[in-house]
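[1] The following block contains a protein sequence and its predicted model.
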Amino acid sequence: MRYLIEYQLKQNGYEVCLAKDGPDGLRAIAHSRPDVVLLDVMMPGMDGFEVCTQIKNNPETADIPVIFVTASEVREYRLRAFDVGAAEYMTKPFRAEDLVQQITAVIERQHHIHEDTEPDTAVPETVQAGHVISLFSPKGGVGVTTLTIQLAEAIAIQAERPSVIIDFDLPLGGVAPILHLFPRHDIVELLKFSPEHITLSTIDEFALRHRDNVFIIPAPGRLMNLQTNLPMAAFKQVTDILTAEGYNVLIDTGSHINQPIVDVLAGAKLILAITSGQPVANQHLNTFIESADRLGLDSRRILPVINEMAGPVRDITLSRVPAARIPYTGDASETKLWLKQQGLRKLVSLLY
């Protein structure tokens, strides 16, 4: 397999150096300073985890990205690889061109990091901290996921600020399928890292780019036995790092209440509580607002938003004046599209 990989890389203009085992690989890395290192989990003399650890512990080689290329799909191996500093973890079988693309992307990303860390004599600009906004509805089917995506795009366009969407409607989620994304990593995997091991680089490995200034950390997208005691200290570390770097964090929390969801809502600057404007959805929303104190939530941070998914609605009875109204645009008329844009603009104005 490694000779096939060597052939494909050489065909694409890469210079390739093969090592017979782990120790031989470390010597070659120290001597030649490659742009990227490919490792397997199981190797003669020293496993890939130990080789990667030594690469990252050596100041002379710590910035060289490492990609694991292995037949092992064991989830613990994947997590351990990222824990010791891997940039990517690819499992066989895969197409040779996929590996070439991944190597190219990792190298380009590393070059960008070097450019960003070069000394700059200019006076640094103060980064404006981002905000954490949770979107929730006590009733499903009112467009929480779609509105989360639209709000992130509106922030990117109108406020020219970056956003990260975290799909916390576990376990299936909906953000990645709507955007036709095919993630290899997800938020549950990210939360398995201890908080002290989570950095901006770690988060970057789990984030997918949707468009300029909009990134996605997806839900697992598969049925799984999730424990209710998810490591929320790790979740807070993720949001703290992102907001400190200027990202707005938009969290799709779905329509089910459990302790992790309550923790997420409690940590948000704003809770956008979504209703379709239909009577049952409005009743559920009023009950949620009334129950906020018992849930440990600051009800002043809960802002109702009417999202007319099923059609225009009138005579809406809510216990609180809505912060915005997203009108139904079924006929896609210019007027209604403009009104929808104005509704999103109103939400953006709550932040900036």
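    On my side now, so go ahead.

[2] Okay, domains of this protein per the record?
    The record's domain parsing of the chain by automatic domain parsing lists 2-115, 132-349.

[3] And those: which comes nearest residue 126?
    With respect to residue 126, and counting by CB to CB, the nearest of the domains of the chain is domain 132-349 at 9.8 Å. Placement of C-beta: from N, CA and C, glycine included.

[4] Look at that closest one and report the distance between its end residues.
    15 Å (CA to CA, to the nearest Å).

[5] distance of the spatially most distant residue from the centre of the chain from residue 175?
    Going by CA atoms, centre = their mean, the residue of the chain most distant from its centre is residue 315, 38.3 Å out. Using CB to CB, to the nearest Å, residue 315 is found at 33 Å from residue 175.

[6] give me the number of residues near residue 17?
    Residue crowding around residue 17 was assessed by other CB atoms under 10 Å; the count is 12.

[7] which residue ranges form the strands in this protein?
    37-39, 66-70, 88-91, 132-136, 163-167, 208-211, 214-217, 248-252, 270-275, 302-307, 324-326 (DSSP state E).

[8] Least reliable of the ones you listed by average pLDDT, please.
    Ranked by mean pLDDT, those bottom out at strand 88-91, which scores a mean of 84.

[9] which parts of stretch 5-12 are buried?
    5, 8, 9 (16 or more other CB atoms under 10 Å).

[10] my bad, should have said stretch 131-151
    Those would be 131-139, 142-151, for stretch 131-151 by 16+ other CB under 10 Å.

[11] Stretch 53-68 too?
    Going by 16+ other CB under 10 Å, stretch 53-68 has these buried residues: 53, 54, 55, 56, 61, 64, 65, 66, 67, 68.

[12] Mind listing residues that contact stretch 17-25?
    Stretch 17-25 has contacts (CB atoms under 8 Å, 6 or more residues apart in numbering) with 2, 6, 27-28, 32, 34, 37, 39, 43-48, 50-51.

[13] If we use 7 Å, what do you get?
    Contacts to stretch 17-25, defined as CB atoms under 7 Å, 6 or more residues apart in numbering, come from residues 2, 6, 28, 32, 34, 43, 44, 45, 46, 50, 51.

[14] cool, stretch 279-293 as well?
    For stretch 279-293, contacts defined as CB under 7 Å, 6+ apart pick out 138-139, 142, 273, 275, 299, 302, 304, 316-320.

[15] again, only this time at 8 Å
    Under CB under 8 Å, 6+ apart, the answer for stretch 279-293 is 136-139, 142, 273-275, 298-299, 302, 304, 316-320.

[16] thinking again about what came up before, quick one: which of the domains of the chain has the weakest pLDDT on average?
    When the domains of the chain are compared by mean pLDDT, domain 2-115 comes last with a mean of 85.

[17] which residues does the residue nearest the centre of the chain bridge with?
    Centroid-nearest residue in the chain: residue 217, 1.9 Å away (criterion: CA atoms, centre = their mean). Here residue 217 sits in beta bridges with residue 166, going by DSSP bridges.

[18] Now do the same contact list for it.
    Counting by CB under 8 Å, 6+ apart, the residues that residue 217 touches are 164, 165, 166, 167, 186, 187, 190, 203, 206, 207, 208, 238.

[19] so what's the fifth one closest to, chain neighbours aside?
    With CB to CB, 6 or more residues apart in numbering as the measure, residue 220 is the residue that lies nearest to residue 186, at 4.5 Å, once sequence neighbours are left out.

[20] residues near that neighbour, how many?
    Considering only other CB under 10 Å, residue 220 is surrounded by 19 other residues.

[21] So for residue 200, what's the nearest residue that isn't a sequence neighbour?
    Residue nearest to residue 200 in three dimensions, not counting chain neighbours: residue 241, with 5.6 Å by CB to CB, 6+ apart.

[22] Revised request: answer the last question for residue 53.
    Residue 53's closest residue in space is residue 84 (CB to CB, 6+ apart), at 4.8 Å.

[23] Can you give me the distance of residue 313 to residue 152?
    Separation of residue 313 from residue 152 (CB to CB): 25 Å.

[24] Comparing the two, which shows the higher neighbour count?
    residue 152 (26 against 19).

[25] I'd assumed residue 162 was in contact with that one.
    No. Taking contacts as CB atoms under 8 Å, residue 152 lies outside contact range of residue 162: 9.1 Å.
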